[in-house]
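Novice: The sequence isn't on hand, but the structure is:
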């Protein structure tokens, strides 16, 4: 499709400007010859289309009374690639300082479930250095094959070399599905890979399944601010790519009798080059417990009233050996750091016990914690949405309830 203005017909009425929903049309002064031949040009306003903003919706065409805008169809045809040779499910294995991150085991477990419906194998892709001691764990957690790339230059994650390596592997072995954790590393890496291999990518999935008839990946994720769940497919391109949030999937029980086939790949050192240099890795300092890994989380929302009142939650968390979480409202108010935020725009958690204090329970927050085994809600509003998902609900003043709970747990745990 193409669109342009017929300048001889445009009168500068600006009706098209009002009709464009993307602000892609503006009126500009352009030269115009007036009078007899050879007369000097004068300025006149004409419509100009910014093609960087225009999405060819055509809303401006009927708005122009002088038929000065022409929207033409072109004969360009998109040819879908040949995907018949793509087979198997791959999981990118995230490692930090030589230690595999738990989100990778979660994805291997889900991949095994999907592989049974596709009658295919699950492969792990591990990039780094001196990682041979991690191979057994990958086999025990569901990897049938392990593609291993090792070199001192790629011991730690960097965007460019890891992207180059994964692209080369995908082009050589042609996986049908590629899964990755929706972590800082995963989000940075997999989007670059998708662009280079011209594949579709669905980010932040909370559910994965296989269409029983078409045998394609069904990728489910929150949409429109978490108000609906959308299922996305990529039927014509391979691999089908998705990132999945930490703690959404469950790892399978490790089977120490499982064995994997290890495929070691070596590439030219030029593939490991990077325009950036890694200077240092500084671990995040957690005052209590990392919420992504915690078995118990005590979380506060707008109902806490002030940052000082989060000390009540910190004291309860210390007694329980728990992490302290927060809703987006509390984080946006500056009461807690972003690293503690639970929800659609924060972290997804799945603890054994989640204690929600002064949190109303909007859908954006529920997306991040509703898979918790036990949810305890404390709120003075009996109609708060959080009570609809809570295992146990306490209606009352949290400033009285939380200190009482803290004291009671102290007494019980001393026994």
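Specialist: That came in fine, so what should we check first? Since the structure is predicted, the reported quantities are computational estimates derived from the model, not experimental observations.
Novice: Run through the residues that contact residue 270.
Specialist: Residue 270 makes contact with no residue under the criterion CB atoms under 8 Å, 6 or more residues apart in numbering. Every residue, glycine included, has its C-beta placed from N, CA and C.
Novice: begin at 15 from here
Specialist: Sure, I'll start numbering at 15, so the last one becomes residue 284.
Novice: Would it be right to say that it lies in a helix?
Specialist: Yes: assigned with DSSP: H, G, I helix; E, B strand; the rest coil, residue 284 falls within a helix.
Novice: residues in contact with stretch 289-296?
Specialist: With CB under 8 Å, 6+ apart as the contact definition, stretch 289-296 has outside contacts at 110, 111, 170, 172, 173, 174.
Novice: Just give me the closest of the residues you listed to residue 313.
Specialist: For residue 313, the nearest member of the contacts of stretch 289-296 is residue 110. The distance, counting by CB to CB, is 25.5 Å.
Novice: For the residue nearest to residue 339 when sequence neighbours are not counted, list each beta-bridge partner.
Specialist: With CB to CB, 6 or more residues apart in numbering as the measure, residue 313 is the residue that lies nearest to residue 339, at 3.4 Å, once sequence neighbours are left out. Going by DSSP bridges, residue 313 is paired in beta bridges with residue 339, residue 370.
Novice: For stretch 206-225, what is the distance to the chain centroid?
Specialist: 10 Å (CA atoms, centre = their mean, to the nearest Å).
Novice: what about this structure, any weak spots by pLDDT?
Specialist: Low-confidence segments of the chain (pLDDT under 70): 44-57, 88-94, 239-241, 297-303, 429.
Novice: care to break it down by domain?
Specialist: What automatic domain parsing lists as the domains of the chain is 16-86, 103-286, 310-428.
Novice: Export those domains to CSV and append columns for distance to residue 95.
Specialist: Formatted as CSV, the domains of the chain follow (distance: least, CB to CB, whole Å):
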stretch, distance to residue 95
domain 16-86, 24
domain 103-286, 6
domain 310-428, 33
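Novice: between the ones you listed, which gets nearest to residue 304?
Specialist: Proximity to residue 304 (CB to CB) singles out domain 310-428 among those, at 6.4 Å.
Novice: Please report how far the residue lying closest to residue 71 once chain neighbours are set aside lies from residue 67.
Specialist: Counting by CB to CB, 6+ apart, the nearest residue to residue 71 once its immediate chain neighbours are dropped is residue 35, at 7.0 Å. As for residue 35, its distance to residue 67 is 10 Å (criterion: CB to CB, to the nearest Å).
Novice: Between those two, tell me which one has more neighbours.
Specialist: residue 67 (12 against 9; other CB atoms under 10 Å).
Novice: Can you list phi and psi of the more buried one for me?
Specialist: Phi and psi for residue 67, reported as degrees, to the nearest 10, are phi -100, psi -30.
Novice: Excluding residues flanking it in the chain, which one is nearest it?
Specialist: With sequence-adjacent residues excluded and distances taken as CB to CB, 6+ apart, residue 67 is closest to residue 38, at 3.7 Å.
Novice: Spit out the contact partners of the residue lying closest to residue 410 once chain neighbours are set aside.
Specialist: Across the structure, with CB to CB, 6+ apart as the measure, the residue nearest residue 410 apart from its sequence neighbours is residue 394 (6.2 Å). By CB under 8 Å, 6+ apart, the contact list for residue 394 reads 317, 409, 410, 411, 412.
Novice: Looks like the last one contacts residue 319 (just checking).
Specialist: By that I understand residue 412. No: because the distance of 9.2 Å does not satisfy CB atoms under 8 Å, residue 412 is recorded as not touching residue 319.
Novice: quick one: the residue nearest to residue 410 from residue 368, how far?
Specialist: On the measure of CB to CB, residue 394 and residue 368 end up 19 Å apart.
Novice: contacts for stretch 26-41?
Specialist: Outside of stretch 26-41, the residues that reach it under the criterion CB under 8 Å, 6+ apart are 58-65, 67-69, 71, 73-74, 76-80, 83.
Novice: I meant to write stretch 349-360 there.
Specialist: Residues outside stretch 349-360 that contact it (CB under 8 Å, 6+ apart): 236, 239-240, 298, 300, 305, 311, 313-314, 318, 320-321, 324, 337-342, 344-345, 361-363, 377-383.
Novice: So which of these belong to helices?
Specialist: 324, 342, 344, 345, 377, 378, 379, 380, 381, 382, 383 (DSSP state H).
Novice: Need these in TSV (columns: neighbour count and distance to residue 275).
Specialist: Converted to TSV, the ones in helices among the contacts of stretch 349-360 look like this (neighbours: other CB atoms under 10 Å; distance: CB to CB, whole Å):
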residue	neighbour count	distance to residue 275
324	21	50
342	20	45
344	27	48
345	21	45
377	16	44
378	19	43
379	28	43
380	22	42
381	24	38
382	30	37
383	28	38
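Novice: Taking the residues you listed together, which two end up most distant?
Specialist: Looking at these by CB to CB, the two members farthest from one another are 324 and 377, with 23.6 Å of separation.
Novice: Now residue 80: closest residue in space that isn't a chain neighbour?
Specialist: The shortest distance from residue 80 to any residue that is not its chain neighbour, by CB to CB, 6+ apart, is 5.0 Å, and that residue is residue 23.
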